[in-house]
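Asks: Make a model of this:
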Amino acid sequence: MKQGIYTVKSNVKIANSVYKMELSGDTDGLTKSGQFINIMIEGMYLRRPISVCDCENGVITIIYKVVGKGTEAMAKMEIGKELDVLTDLGNGYDLSKAGDNPLLLGGGVGVPPLYLLAKKLIAEGKKVSVILGFNTKDEVFYEEEFKALGADVKVTTADGSYGIKGFVTDAMESGYSYFYTCGPEPMLKAIYKKADTSGQMSFEERMGCGFGACMGCSCKTVTGYKRICKDGPVLEKEEILWEV
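Replies: Numbers count the residues shown, from 1 in each chain. Next up, the predicted model:
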């Protein structure tokens with residue numbers, strides 16, 4: 001974990017209630033896709049954990065959805081604002097298990113970390129397929145960015161207003177070598193049940209400290225309790241125990 005001051009380079013709305021922010025600063029420790037940063041916001045007691053969408057040349061790209069006071073404050077931040085940020089957090093995805101044609105599935109704000117993952121996998125020569133799931137057409141983002149990387153992309157919307165009607169599992173087809181996913185827990189459960197290969201799941205969990213000290217984001221696995229912020233947020237399919 002590192003702590004530093006990062007400067008807002010850009011902050012723009014890219015979909016309904018969804019914003020893309022670029023932060024300039026030290027990026028040396030962000031080596032894996034699936035890692036996250038933790039941002040201090042003035043007047044807020046807890047930092048806001050946000051997954052890393054992209055990271056290169058001293059710039060961190062994050063995508064966030066306005067869902068409360070913290071993200072509302074972020075949406076109003078202007079270019080040049082300096083932020084206290086914890087970086088290099090989380091274990092990230094393990095690319096060594098991907099096989100030749102991995103499948104990436106993202107739901108809503110679970111989409112961003114898959115972008116850097118796709119970029120890394122394609123750089124290794126993998127044939128990457130991506131399924132992006134949203135509620136409705138005006139929430140869709142990053143479809144063209146994934147296509148520009150060279151990925152095969154499908155989009156689903158729950159109301160059928162764009163792409164395939166339904167959820168990401170409705171667009172899943174057999175033939176992939178491995179899967180990676182990030183999104184809300186109901187989506188992860190559905191993928192867990194339908195997937196016919198092993199895979200890795202990144203969990204969106206409410207966090208206190210963000211670096212393993214408070215134990216507030218612990219979850220039960222086959223090997224005992226793990227902290228989503230420190231031991232995760234990525235867990236392997238076989239170690240997950242779903243609460244019933």
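
Asks: List the strands paired with the strand ranked longest in the chain, with their directions.
Replies: Ranked by residue count, the top strand of the chain under DSSP state E comes out as strand 2-15. Within its sheet, and counting by DSSP bridges, strand 2-15 is paired with strand 18-24 (antiparallel), strand 82-89 (antiparallel).

Asks: What lies in contact with the last one?
Replies: For strand 82-89, the surrounding residues in contact (CB atoms under 8 Å, 6 or more residues apart in numbering) are 1-8, 23, 25-27, 29-30, 35-41, 47, 49, 60, 77, 210-211, 229. Just so you know, the C-beta spots here come from the backbone N, C-alpha and C atoms, and that holds for glycine as well.

Asks: right, and the strands paired with strand 2-15 - which one's nearest residue 171?
Replies: Distances from residue 171 to each of these were compared using CB to CB; the shortest belongs to strand 18-24, at 20.8 Å.

Asks: Buried residues in stretch 31-45, which are they?
Replies: Judged by neighbour count (16 or more other CB atoms under 10 Å), stretch 31-45 contains these buried residues: 32-39, 41.

Asks: Which of the residues you listed fall in strands?
Replies: Judged by DSSP E, the subset of those located in strands is 36-39.

Asks: Nearest to residue 69, out of these: which one, please.
Replies: Distances from residue 69 to these, taken by CB to CB, are shortest for residue 39, at 13.3 Å.

Asks: wouldn't the closest one be in contact with residue 50 here?
Replies: Yes: under the criterion of CB atoms under 8 Å, residue 39 makes contact with residue 50 at 6.3 Å.

Asks: Mind pulling the model confidence for the residue of the chain most remote from its centre?
Replies: With CA atoms, centre = their mean as the measure, the chain has its most outlying C-alpha, relative to the mean C-alpha position, at residue 43: 25.7 Å. According to the predicted model, the pLDDT of residue 43 comes to 91.

Asks: Show me how the record splits the protein into domains.
Replies: Listed by automatic domain parsing, the domain ranges of the chain are 2-89, 95-204.

Asks: just how off-centre is the first one within its chain?
Replies: Which is domain 2-89. Centre-to-centre, domain 2-89 and its host chain are 13 Å apart (CA atoms, centre = their mean, to the nearest Å).

Asks: Quick one, which of the contacts of strand 82-89 are buried?
Replies: Buried among the contacts of strand 82-89 by 16+ other CB under 10 Å: 6, 8, 23, 25-27, 30, 35-39, 41, 47, 49, 60, 77, 210-211, 229.

Asks: In contact with the most centrally placed residue in the chain, which residues are there?
Replies: Taking CA atoms, centre = their mean as the criterion, residue 113 is the residue nearest the geometric centre of the chain, at 3.4 Å. Remark: with contacts taken as CB under 8 Å, 6+ apart, residue 113 is in contact with 33-36, 51-53, 93, 106, 182, 202.

Asks: leaving aside the residues next to it on the chain, what's closest to it?
Replies: For residue 113, ignoring the flanking residues on the chain, the nearest one in space by CB to CB, 6 or more residues apart in numbering is residue 51 at 4.2 Å.

Asks: Alright, I will stop here.
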